[in-house]
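# Next input, structure requested:
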Amino acid sequence: MYQYVLAIHIIFVVCWMAGLFYMVRLFIYHTEAQEKPELERKILSDQFQIMERKLWYIITVPSMVFVVLAGITLLFLVPAWLSQPWMQIKLAFVVGLLVYHFICQSKMKQMAKGIFTWSSTQLRVWNEVATIILFAIVFLVVLKNTIGWVFGIIGLLAFTTLIMLMVKVYKNYRTKNNK
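Next up is the predicted model:
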């Protein structure tokens, strides 16, 4: 039973993360479409709203629900995990990912109303937050207590810095090539 639930958990984590990653990518394109001429902006915005709504309610939300249900089931099957520090930290990151999920949902609803409060650059940075959380969770699950906390924190900070640097370099590249 454990392996089946674990497989379901992993499969839906992949689906959930794919949904979150692609959703924010759609937000970026949707935001950039606002700079287009009126007719083009309307056509693109309408299409992005359809794509965002379908991705969100057909893939992302159901996947998140299955991840949470399978995760709870795994904890029910192996309750001793709850007393282990790596699991407690992992659950904190999962809560962070759930917050991220619902912020994305809020952004989707704002954009459907024509409210665009974040730039495409801010959304690119936002997209990397999910990546950082995913890395932290995977390393915690795989390495559990075999890696020192200091090295884990240093690695996560280095990875975060690298991602943010890559976003900055990409922004400069786009700015240079759009002139």
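
# Pull out the buried residues from the helix ranked longest in the chain.
Criterion DSSP state H: the longest helix present in the chain is helix 2-33. For helix 2-33, the neighbour count (16 or more other CB atoms under 10 Å) marks 5-6, 8-9, 12-13, 15-17, 19-20, 22-24, 26-28, 30-31, 33 as buried. Where you see a C-beta, it was placed from the backbone N, CA and C, and this is true even at glycine.

# so E35, which of the three states?
coil (DSSP: H, G, I helix; E, B strand; the rest coil).

# Can you give me every residue that contacts the residue lying closest to it once chain neighbours are set aside?
Distances taken as CB to CB, 6 or more residues apart in numbering put R41 closest to E35, at 7.9 Å, once the chain neighbours are dropped. Counting by CB atoms under 8 Å, 6 or more residues apart in numbering, R41 touches 33-35.

# Between the two ends of stretch 110-130, how far is it?
Stretch 110-130 stretches 20 Å from its first residue to its last (CA to CA, to the nearest Å).

# pLDDT of that stretch, averaged?
Mean per-residue pLDDT for stretch 110-130: 92.

# what's next to it, contact-wise?
Residues contacting stretch 110-130 (CB under 8 Å, 6+ apart): 17, 20-21, 24-25, 27-28, 30-32, 34, 45, 48-49, 52-53, 97, 100, 107, 160, 163-164, 167, 170-171.

# Nothing else from me, thank you.
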